[in-house]
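**Q** quick one, what's the 3D model for this:
(one chain, ligands or ions: 2)
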Amino acid sequence: PIKALLFDLDGVIVDTAIFHYQAWRRMANSLGFDITEEFNEQLKGISRTESLDIILAHGGLVLSDEKKAELAAQKNEWYLELVSQMTPANILPGVTDFFAQVKAAGLKTALGSVSKNARLILERIGMLDDFDAIIDGTKISRGKPDPEVFLKGAAETKAQPDECVVFEDAVAGIEAAKRGGMLAVGIGEPAVLTWADLVVGSLADLTLDEVLTLAPTHR
Ligand code: G6P
Ligand code: MG
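**A** Ligands and ions are numbered 1, 2, ... in the order given. Next up, the predicted model:
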């Protein structure tokens, strides 16, 4: 039986994925090149430093570690400017309803995010107390697609991997869930999240019953 539901943050609970994209794009533009929304897909779920490396390679730039640290800090500053305007109104459609069903059913919840800003964001949207465990970028040594973040979430909620369902908007996050031996619900496009066991546009399109009767698919 399913015991725990593990949620990614950016793009699943709250639409900070767009803020990450805007901040990275601003940084790329300041260096003289651009990134598209399509390119941005591969950055979802990827840590700050790894994202920076991918973007710099895309722009054909090789920079010193000092310069890279400066750029990562600048991006985070721009990102936090966008985040600072967030309120509970930024919670994505269906999330609040879905959590009410989850709590009523007595299931455990964990956050599984690579972001070091996860607690700050949960505080801003008033959801800090909605999770039994919070695994974020400060608690892991390997980012997605490594399953570490979700395996820690499972352990903290005392669930086995096959008793967990992961909710993810990132290709890397779906891969992390499947590598961890968990069921994965994709939030987004089926054509992008091909490894997910089910893909929906948002949590508003899903009932808890559908999740609890989910069977793994091998695509
Ligand atoms: C999430 C987002 C990524 C972001 C990463 C690190 O996984 O999907 O786009 O790069 O967190 O976030 P941070 O807030 O620590 O820069
Ligand atoms: Mg995400």
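**Q** was I right to think residue 148 contacts residue 139?
**A** No. Using C-beta atoms under 8 Å, residue 148 makes no contact with residue 139, being 9.1 Å away. In this view, the C-beta of every residue, glycine as well, is placed from N, C-alpha and C.
**Q** got any residues that touch both of those two?
**A** Common contacts of residue 148 and residue 139 (C-beta atoms under 8 Å, 6 or more residues apart in numbering): none found.
**Q** in the longest helix anywhere in the chain, what's buried?
**A** For the chain, the longest helix by residue count, based on DSSP state H, is helix 65-83. By 16 or more other C-beta atoms under 10 Å, the buried positions in helix 65-83 come out as 68, 71, 72, 75, 78, 79, 83.
**Q** helices and strands around it, which ones?
**A** Using 3 or more C-beta pairs under 8 Å, 6 or more residues apart in numbering; DSSP states H and E, the elements in contact with helix 65-83 are helix 17-30, helix 48-58, helix 118-124.
**Q** what sits up against the second one?
**A** With C-beta under 8 Å, 6+ apart as the contact definition, helix 48-58 has outside contacts at 20, 24, 27-28, 31, 33, 35, 39, 42-43, 46, 62-63, 68, 71-72, 75-76, 116, 137, 143.
**Q** what's the burial count for residue 49?
**A** 11 (other C-beta atoms under 10 Å).
**Q** now do residue 57
**A** Counted with other C-beta under 10 Å, residues neighbouring residue 57 total 10.
**Q** which pLDDT value belongs to it?
**A** Looking at residue 57, its pLDDT reads 98.
**Q** nearest spatial neighbour of the spatially most central residue of the chain, skipping sequence neighbours?
**A** Geometric centre of the chain, nearest residue: residue 8, 3.6 Å, by C-alpha atoms, centre = their mean. The shortest distance from residue 8 to any non-neighbouring residue, by C-beta to C-beta, 6 or more residues apart in numbering, is to residue 168 (4.7 Å).
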